[in-house]
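Participant: Provide a 3D model corresponding to the input given below.
(one chain, ligands or ions: 1)
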Amino acid sequence: MADAVARIRAGEAAKVVLARDAWATSRTPLDVRALATRFADAYPTTWTFVVDGLVGATPEMLIRRERRLVASRVLAGTIRRTGDDERDLAHAAALARSSKDLEEHELAVASLANALAPFVESANVPEVPSVLHLPNVMHLATDVTAVLQRGVDGARPSSLRLAAALHPTAAVGGTPTAAAVALVREIEGMDRGRYAGPVGWIGAEGDGEWCIALRCGALDPADPRRIRLFAGAGIVAASDPGAELDETEAKLEPVRQALIG
Ligand SMILES: C=C(O[C@H]1C=CC=C(C(=O)O)[C@@H]1O)C(=O)O
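Facilitator: Purely as a prediction, here's the structure:
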């Protein structure tokens, strides 16, 4: 984290999202369906997914397409919940005013809006983010909506085509994308696997919904008692490395809690 802050302050990128992993081992083989049920119960406002051993409950939706209409929920900028509602409300207000978190968020919104622009004829991008309350954390959130235009072939792009064009946004990569992704590869020192990639579905007409695979774990294909957990945090020049590390702990909580049962 400290390395990333130094490299950003040196001008190599404006934002970099760094992630870490953690392994958990159970005494008995893990049942991903039971984990998914616990996610759905504990995090009802998120998107629960199970795909070939990858299980999670993500609050971030990359793109949804319903005929001509598309929508995206951009998240970036986070604060841990305390469990005390009054303190959390004060923290939510502080998050909404935090210049560090607002910068982190604006970069994520801009990356999504810029990548979406070639495909749409009009877009609604709220100027001010709202605060999304989850049981473990609160995030700055912006819900973007847009109307798709037809491509040169006369067809509107499918939800999968859009997901491919939008990924990775600055919620999981950084800004500018190429420099940030290169820094992630260099500093992170791990293979993310499917973590932070698009996860979702597509229908025969191209409609669909693709989320970002966050707050998730990947079963070890060689040992169903083991699961690899992931969490990341967006780093900008004003980031405090210790606070960013603590943020990843808070983001690991949903999977840890689901494992405990
Ligand atoms: C990279 C993650 O979160 C992203 C989504 C929401 C808020 C984030 C943040 O505040 O850093 C991250 O950009 C993760 O959960 O592993």
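Participant: Adjacent strands (with direction) for the lengthiest strand in the chain?
Facilitator: Longest strand in the chain, counting residues (DSSP state E): strand 223-236. If you go by DSSP bridges, strand 223-236 pairs up with strand 15-25 (antiparallel), strand 216-220 (antiparallel).
Participant: Wait, Ala57 touches Thr48, no?
Facilitator: Yes: Ala57 is in contact with Thr48 according to C-beta atoms under 8 Å; the separation is 4.9 Å. Where you see a C-beta, it was placed from the backbone N, CA and C, and this is true even at glycine.
Participant: Neighbour count: the two, which is higher?
Facilitator: Ala57 (26 against 21; other C-beta atoms under 10 Å).
Participant: Can you report phi and psi for the more buried one?
Facilitator: Main-chain dihedrals, Ala57, degrees, to the nearest 10: phi -140, psi 100.
Participant: Ok, Ala117 next?
Facilitator: Dihedral angles of Ala117 (phi, psi; degrees, to the nearest 10) stand at phi -50, psi -40.
Participant: So what's the residue count around the residue lying closest to it once chain neighbours are set aside?
Facilitator: In this structure, Ala117 finds its nearest non-sequential neighbour in Ala123, 7.2 Å apart by C-beta to C-beta, 6 or more residues apart in numbering. Ala123 has 16 neighbouring residues, counting by other C-beta under 10 Å.
Participant: for the one 10 residues further on, same thing?
Facilitator: Using other C-beta under 10 Å, His133 is surrounded by 15 other residues.
Participant: ok, now Ser158?
Facilitator: Look at Ser158: counted by other C-beta under 10 Å, it has 17 neighbours.
Participant: cool, the one 4 residues further on as well?
Facilitator: The number of residues packed around Leu162, counting by other C-beta under 10 Å, is 27.
Participant: What helix or strand is Leu160 located in?
Facilitator: helix 159-166 (DSSP states H and E).
Participant: how about Ala146, secondary structure?
Facilitator: Recorded secondary structure, Ala146: strand (DSSP: H, G, I helix; E, B strand; the rest coil).
Participant: Run through who's touching the longest helix along the chain.
Facilitator: Longest helix of the chain, by residue count under DSSP state H: helix 241-260. Identification of contacts with helix 241-260 by C-beta atoms under 8 Å, 6 or more residues apart in numbering yields 1-2, 5, 18-20, 22, 24, 26, 30, 35, 38-39, 42-43, 56-57, 78, 80-81, 135-137, 214-217, 227, 229, 231-233, 235.
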